[in-house]
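S.K.: Sequence below, structure please.
(one chain, ligands or ions: 1)
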Amino acid sequence: MNARPYDVLVIGAGSVGMSAGYHLARRGARVLLIDAFDPPHREGSHHGETRLIRHAYKKGRVYIPLALRADELWRELEREAETTLLVRSGVLNIADPEHYSFGSRPEDARAFGIPVEMLDAAEMRRRWPGLALPDHFIGMYEPEAGYLYCERAIAVCRRLAEAAGAKLVANAPVLRVAADGTGIAAETAEGVFRAEKALLSAGAWFGRLEPFVKFPLKPLRIPVAWFATESGDYRAGRFPGFTLHTAEGGFYGFPDIDGGGLKIGKHDGGREWRPGEPFHPFGHEESDEASLRGAVRQYMPKAAGRLLRSSVCRYEFTPDEDFVIDRHPQHPNVLVIGGLSGHGFKFASVLGEIAADLLLDGRTRFDLGAFALDRFSAGPSGL
Ligand SMILES: Cc1cc2nc3c(=O)[nH]c(=O)nc-3n(C[C@H](O)[C@H](O)[C@H](O)COP(=O)(O)OP(=O)(O)OC[C@H]3O[C@@H](n4cnc5c(N)ncnc54)[C@H](O)[C@@H]3O)c2cc1C
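M.R.: Residues are numbered from 1 along each chain as shown. Below you'll find the model as predicted:
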């Protein structure tokens with residue numbers, strides 16, 4: 001007789017964890033999801049309504065197969081839940097070539113059959129009159145890319161996972177994890193939960209699970225703003241999602257959805273934060289609004305209206321900005337998925353499937369070599 005009520009514990013039921021819970025439960029596993037908050041929530045890396053989904057990725061051989069499968073799975077999830085999760089708005093990647101290069105991304109994308117168009121500044125201004133770009137800027141347009149409704153996606157995974165029999169313990173931070181040859185135990189204020197296997201997917205909060213698992217991770221505080229637009233040029237349906245690489249750094253953003261304003265965030269330069277430290281609201285630092293407004297004013301000037309909404313969110317960077325997807329070095333029954341480095345939401349669907357494949361079947365069809373934990377071992381902060 002199996003003395004444990006669960007096959008798999010999922011510790012951290014956010015983007016990756018909730019998706020894994022959904023995939024595991026629909027494949028018949030007895031799953032317990034444990035989260036420190038009540039997902040979707042505003043204390044992790046997954047709030048703020050939208051996330052870009054792009055396929056013409058850097059390190060193409062590594063990421064493009066994952067991005068394509070992720071896209072398929074988002075579509076399947078939409079059909080099952082009968083709700084919109086993915087909007088194919090197109091994504092325009094804009095760059096000042098003096099500061100940024102697309103590298104082999106266009107060729108890599110085409111090799112996988114992903115359409116991309118290379119555009120000069122005049123063509124970008126012609127297609128999207130809301131843009132004010134200097135003549136030397138270049139663009140790479142991905143017509144089949146777009147954005148995901150992130151909190152809605154997590155809520156859908158939660159509903160479908162629970163419908164398939166998964167249990168969720170919310171508002172129960174895991175205080176300690178322990179494992180032996182027979183299983184894994186997670187200690188919370190609600191009690192100790194045990195299962196044969198586990199997924200650790202704690203996002204920016206992995207530091208809380210040390211010393212059980214430890215890898216180099218830098219959590220950051222990332223401000224995001226929504227600015228009122230003075231022109232219909234930025235409206236969803238007319239304006240794409242975008243990335244913008246300039247002398248001032250790397251930005252990304254979304255069209256004005258239903259009058260909510262043009263949303264913009266900055267990918268680099270957030271302030272470091274550690275679990276346990278205060279997490280300051282938007283506006284705590286003068287640069288929160290100023291740096292975002294500055295980019296909008298310069299390159300999308302009619303979208304630099306009133307600040308309609310703002311948010312602060314958590315990134316979690318690994319040193320190479322590649323994910324961790326690996327078994328625990330001492331406990332092969334424990335899978336670790338984290339370090340999504342500010343670009344992981346689009347992959348949450350496929351990472352959930354991979355977690356189920358690895359935990360239930362012991363294998364996946366994806367090459368995960370680039371995501372191994374031992375790549376950090378040589379460095380001073382290695383395991
Ligand atoms: C502002 C912003 C914009 C972004 N834009 C994009 C984008 O356009 N495209 C894209 O693909 N990605 C984007 N990202 C990145 C993406 O959102 C993240 O990579 C992804 O959400 C991380 O998923 P996760 O499951 O690792 O973390 P989370 O979704 O945060 O989940 C971790 C979960 O673990 C729980 N947890 C932590 N510790 C414990 C514990 N001790 N016990 C129990 N539970 C615990 C947390 O409560 C949380 O629910 C963006 C991120 C931010 C912040």
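S.K.: And for whichever residue of the stretch 151-300 of the chain sits closest to the ligand, the neighbour number?
M.R.: Going by CB to the nearest ligand atom, the ligand is nearest to residue 203 of the stretch 151-300 of the chain, at 2.6 Å. Glycine gets a C-beta too; all of them are placed from N, C-alpha and C. Counted with other CB atoms under 10 Å, residues neighbouring residue 203 total 25.
S.K.: Spit out the contact partners of residue 116.
M.R.: Taking CB atoms under 8 Å, 6 or more residues apart in numbering as the criterion, residue 116 is in contact with 56, 105, 106, 109, 110, 140, 141, 142.
S.K.: could I get those as CSV with distance to the ligand, neighbour count and pLDDT?
M.R.: Below are the contacts of residue 116 laid out as CSV (distance: CB to the nearest ligand atom, whole Å; neighbours: other CB atoms under 10 Å; pLDDT from 0 to 100):
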residue, distance to the ligand, neighbour count, pLDDT
56, 13, 26, 98
105, 16, 21, 98
106, 20, 18, 98
109, 16, 22, 98
110, 22, 13, 98
140, 16, 20, 98
141, 17, 22, 98
142, 13, 26, 98
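S.K.: which ones among those are found in strands?
M.R.: Counted as lying in strands by DSSP state E, out of the contacts of residue 116, are 140, 141, 142.
S.K.: any idea how far the last one is from residue 364?
M.R.: By that I understand residue 142. Between residue 142 and residue 364 the computed distance is 26 Å (CB to CB, to the nearest Å).
S.K.: what's the answer for the first one, then?
M.R.: From residue 140 over to residue 364 the distance is 30 Å, taken as CB to CB.
S.K.: Quick check: buried residues in the host helix or strand of residue 70?
M.R.: When elements are assigned from DSSP states H and E, residue 70 belongs to helix 60-81. Residues of helix 60-81 classed as buried by neighbour count (16 or more other CB atoms under 10 Å): 60, 62-71, 73-74, 77-78, 81.
S.K.: what's around the residue of the chain found nearest the ligand, how many residues?
M.R.: Closest residue of the chain to the ligand, CB to the nearest ligand atom: residue 14 (1.9 Å). When neighbours are defined as other CB under 10 Å, residue 14 has 30 of them.
S.K.: ditto for residue 83
M.R.: Counted with other CB under 10 Å, residue 83 comes out at 13.
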